[in-house]
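below are the sequence and a predicted model; questions follow.
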Amino acid sequence: MKIITSGMTDVGCVRASNEDTLGIYSDLNLFIVADGMGGHAAGEVASKMAVDQIKYFIASPSNPNGTSASSSQANEEKLMQAISHANQQIFLTASKDPALTGMGTTVVALLSTREESVIGFVGDSRLYLLRDGAIHQLTQDHSMVNEYVQKGLLTPEAAERHPQKHVLSRAMGTTQNVEVEVFTRKPAVGDTYLLCSDGLSNKLSAAEMRTIVQGSSDMESATKSLVQSAIAAGGEDNITVVLVSFVE
């Protein structure tokens, strides 16, 4: 079994700049999507820092906090520490520069080998799994509206149309410490993971994503079709997608 990947980011139809950042690091088995927020260029700074710092931490023979990154260390712990490290760096940078005050970012990261897939996330960037003709959203948005859904105060259908859907309950860089959600899945031949910012998930349903990916001739055309479909649906936000597929 081998891993093939493709990714694309687009500014969309409305925004003046692209505050999303993606990272595809096949040598590290690491794949990341981050969606920045903040005035002026602050969102771009935050999302790029998230991707760069997570990569730096994962790639370091000895992690920045001094602990070994050996194979004996659980990959869940490694990814959690990497995202926590990136969060602290973003927070410290913002605290030293008034122009960056309040900047933050979401992140969804996949650290995957042929044996295991570790997913870590903060905010509302998502990861979906396409398997056996079906699509499953594996992450849960860290948003105020999704908390209402979890408490039974809103239906998932009502949440999709809620005017405060974009309000996050958790993001990277806004506090010195952040709670990172991490879990592990076992990949199988034929699996495809889809990582995306909300510029995609707010415009296309999971079923539409599945149809596009399954109807595409290859990974690159699938990523391009996903982005183009989100643009055709309005493209009010930046749009980013990364596909990671397991083939024989």
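Sure, I can see it.

flag the helix or strand of this structure with the lowest per-element mean pLDDT.
When each helix and strand of the chain is scored by mean pLDDT, DSSP states H and E, helix 156-161 comes last, with a mean of 80.

so which elements touch it?
On a contact count with 3 or more Cβ pairs under 8 Å, 6 or more residues apart in numbering; DSSP states H and E, helix 156-161 meets helix 144-150. Using the backbone N, CA and C atoms, a C-beta is placed for each residue, glycine as well.

what comes up buried for the helix it packs on?
Neighbour-count burial for helix 144-150, counted by 16 or more other Cβ atoms under 10 Å, picks out V145, N146, E147, Y148, V149.

for it, packing partners?
If you count contacts as 3+ Cβ pairs under 8 Å, 6+ apart, helix 144-150 packs onto helix 156-161.

whichever helix or strand comes after the helix it packs on pairs with which strands?
Later in the chain than helix 156-161, the nearest helix or strand by DSSP states H and E is strand 181-185. According to DSSP bridges, strand 181-185 forms sheet pairs with strand 117-122 (antiparallel).

in this protein, which spans are helices?
Using DSSP state H, the helices of the chain run over 42-59, 75-96, 144-150, 156-161, 198-201, 206-214, 219-232.

can you name every helix or strand that the last one contacts?
When you say that, I think you mean helix 219-232. Under the contact criterion of 3+ Cβ pairs under 8 Å, 6+ apart, helix 219-232 touches strand 2-10, helix 198-201, helix 206-214, strand 239-247.

one step back: would you mind finding the most buried of the helices of the chain?
helix 198-201 (a mean of 26; mean count of other Cβ atoms under 10 Å).

list the residues that contact the most centrally placed residue in the chain.
In the chain, the C-alpha nearest the mean C-alpha coordinate belongs to V108, at 2.6 Å (Cα atoms, centre = their mean). Remark: with contacts taken as Cβ atoms under 8 Å, 6 or more residues apart in numbering, V108 is in contact with 32-34, 119-121, 123, 125-127, 139, 195-196.

ok, G123 next?
Under the criterion of Cβ under 8 Å, 6+ apart, the neighbours of G123 are D35, T105, T106, V107, V108, D141, H142, S143, L168, R170, A171, M172.

could you do A109 as well?
A109 sits next to L30, F31, I32, V33, I54, L79, A82, I83, I119, G120, F121 when contact means Cβ under 8 Å, 6+ apart.

next up, the contacts around the fourth one.
Each residue near V33 by Cβ under 8 Å, 6+ apart is listed here: 20-23, 107-109, 125, 195-197, 240-242.

roughly how far apart are the nearest residue to it once chain neighbours are set aside and E147?
Spatial nearest neighbour of V33, excluding adjacent residues (Cβ to Cβ, 6 or more residues apart in numbering): L195 at 4.5 Å. For L195, the distance to E147 (Cβ to Cβ, to the nearest Å) stands at 22 Å.
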